[in-house]
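**Student:** Please find the sequence and the predicted model below.
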Amino acid sequence: TSAGEALLPYARRITQLLVEASESLAAPEERPKEKLIVAMVTTSRNFGPQLAAHFQADHPEIRLDMRIGNRREVIEMLESEDVDLALMGRVPGRLEVEATPFAKHPYVIIAAPDHSLAGKANIAPSEVAGELFLARERGSGTRIVMEHFFEDRGIDMPQLQEMSSNENIKQAVMARMGLAVISRHTLHLELLAGKLVELDVQGMPEMRSWRVVHLKGKVLAPPALQFRKFIRKRGPELMRE
C-alpha cells in the first residue's frame, strides 16, 4: 500500500539503529567492526578505491564495502537504502538527496593520436558534430554531459554508437572508430602512454563536480559521518594527486 511504502524507509532506519545500539552495548572484544557501504558510479572506479584505501588506513576500526555500478544502479541502491553513501557526479533528479561537492570533474573529447583534428587548436564544436561518437547508454552521467554540451550550443546531436563501459569506449577510440566525450579522470594512463589525445574543442573541458551523496533525512551512522568528513577534508587533495 502507499502507506506501507511511506513507512518502509523509516522501518529500515529503526532496524539499523537497533542493530547499532545492540553492538554498542556489547563488550569491546565482542563488537564487530563497524560497517560502511559506499556505492560508486563506474567512472569513479579510477580514484574511488584510492580514496577508500586512505580512509581505511585512517580508520582501521571500520569495514568499508564498495559497490560499483552505473548511474541507474547507484540511484537504485540509494533509493532502497542498500548503501549508506554514494560517490557520483550529477545528482539524481527523482530522489531527494543531500549532496556535498568535494572535487572538480572535467569532461573532455578524445580521439586517436593520428586523427585529423589531433593537435589542432580552438576547434569549433560544429567541427566535431559531424563525427561518429562512441557513447554510454542513455541516462548515464557521461551521456548526459555530452547531450548537454551539444544542446546548449544549438548543435544537432552527432551520430552515436552506444557502448557498455568507458573501457570499451577508450579501446574503440584507440581503434579509430570515432570520438568520445569522457571523464578526464578515466584517461590518465592512456594520455601518458600516447594512446589517446584530448582535443582542444571550444567549451571543453566541460566542468562538473564529484559529490558524496545520501538520502535526504537519512540518519547517518558514525562510520558514514566519518567517511563524509574524510571526503570533504581530504578528497580535494587526494584527487589532485
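**Tutor:** That came through, no problem. Numbers count the residues shown, from 1 in each chain.

**Student:** mind checking how far the helix or strand containing residue 237 is from the chain centre?
**Tutor:** Assigned by DSSP states H and E, residue 237 belongs to helix 222-240. Taking Cα atoms, centre = their mean, to the nearest Å, one finds helix 222-240 lying 15 Å from the centre of the chain it belongs to.

**Student:** In it, which of the residues would be classed as buried?
**Tutor:** 223-224, 226-228, 230-231, 235, 238-239 (16 or more other Cβ atoms under 10 Å). (Each C-beta comes from the backbone N, C-alpha and C, glycine too.)

**Student:** After the top helix by length along the chain, which helix or strand is next?
**Tutor:** Longest helix in the chain, counting residues (DSSP state H): helix 2-25. Scanning forward in sequence from helix 2-25 by DSSP H and E, the next helix or strand is strand 34-41.

**Student:** what angle separates whichever helix or strand comes after that following strand from strand 34-41?
**Tutor:** Using DSSP H and E, the next helix or strand after strand 34-41 towards the C-terminus is helix 48-58. Here helix 48-58 runs at an angle of 160 degrees relative to strand 34-41 (axes from the mean of the first three to the mean of the last three Cα atoms, to 10 degrees).

**Student:** Could I get the buried residue list for the very next helix or strand once past helix 48-58?
**Tutor:** Per DSSP H and E, helix 48-58 leads on to strand 62-69 as the next helix or strand towards the C-terminus. The neighbour-count check on strand 62-69 (16+ other Cβ under 10 Å) flags 62, 64, 66, 68-69 as buried.

**Student:** Farthest-apart pair in those residues, please.
**Tutor:** The distance between the two most remote of the buried residues of strand 62-69 (Cβ to Cβ) is 21.8 Å, for 62 and 69.

**Student:** so who does the residue nearest the centre of the chain touch?
**Tutor:** Nearest residue to the geometric centre of the chain (Cα atoms, centre = their mean): residue 88, 3.3 Å. Going by Cβ atoms under 8 Å, 6 or more residues apart in numbering, residue 88 touches 39-41, 44, 71, 74, 141, 210-211, 213.
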